[in-house]
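Engineer: sequence and predicted structure are below.
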Amino acid sequence: MKSLFLGTAVLALSASFALAETVRLGTEGAYPPYNFINDAGEVDGFERELGDELCKRAELTCTWVTNDWDSIIPNLTSGNYDAIIAGMSITPERAEVVAFTQGYTLPSPSSYAGLSADIDIKSAVIAAQAATIQSAHVAASGATLVEFPTPDETIAAVNAGEADAVLSDKDFLNPIVAESDLVFLGDIYLGGGIGMAFRKSDSEMRGKFDAAIASMKADGSLNEMLDKWEIEGKF
């Protein structure tokens, strides 16, 4: 009976360790080329490929979870997943709540885009996704901010005449401008690059991903991946 109990305990402990090595990666799934849902209904994009490679290098088993952007940090801190990898710029305000890895992109431009090159972005109505560095910038700029839950809705607002222009990551806007009547109105640099976010208590897990990001920088594979997905902010 004693040996059976000990054997059961060892199995339970082993299962606990195995469970701890399964990391749930939270993303939005609505911000190409960083992350989106493909035709098969799966998370795809630069961050899917990056996240899978980081998990491989960190020798971790990972699963993917999608979450609306406006609650993506609260659902991390409440334990619904273990890390955020969702085009999230590193900012001092967010760093008060979560712990970031080093950036896996350098700061890349955010851009204004509208249906006319004559728009004065200083006094215009500007659409931005809520809870982003872009919406915070517009709010502080003196322009009129209109916020939307998703990036696609910001584009729809400009096309419908509800906003004069949109401010978003240029990587997101590039294919949209190329295939529509929108024109770029100017670039700005915001934030400190994009990184993964973790609960502050998960320093060991964060360290494993930080080391994996560093290894991808060192061997050049991160820049190759950024090139593949046509994302600025190479190292």
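Structural biologist: Arrived safely. Note that the coordinates shown come from a computational prediction; the quantities given were computed from them, not determined experimentally.

Engineer: show me where the protein has its helices.
Structural biologist: Ranges of helices within the chain are 2-20, 46-57, 72-77, 92-95, 133-141, 151-159, 170-178, 203-219, 221-228, based on DSSP state H.

Engineer: CSV for these, including mean pLDDT, distance to Met196 and mean neighbour count?
Structural biologist: For every residue, glycine as well, the C-beta is placed using N, CA and C. Shown next, in CSV, are the helices of the chain (pLDDT from 0 to 100; distance: least, Cβ to Cβ, whole Å; neighbours: other Cβ atoms under 10 Å):
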stretch, mean pLDDT, distance to Met196, mean neighbour count
helix 2-20, 37, 18, 9
helix 46-57, 98, 8, 21
helix 72-77, 98, 10, 17
helix 92-95, 97, 12, 12
helix 133-141, 97, 16, 19
helix 151-159, 98, 20, 20
helix 170-178, 98, 17, 18
helix 203-219, 98, 6, 17
helix 221-228, 98, 13, 15
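
Engineer: could you dump these to CSV with distance to Asp118?
Structural biologist: Below are those laid out as CSV (distance: least, Cβ to Cβ, whole Å):
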stretch, distance to Asp118
helix 2-20, 57
helix 46-57, 34
helix 72-77, 36
helix 92-95, 34
helix 133-141, 18
helix 151-159, 14
helix 170-178, 16
helix 203-219, 42
helix 221-228, 34
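
Engineer: looking at the ones you listed, spot the one closest to Leu106.
Structural biologist: Among the helices of the chain, helix 221-228 comes nearest to Leu106, with 9.5 Å by Cβ to Cβ.
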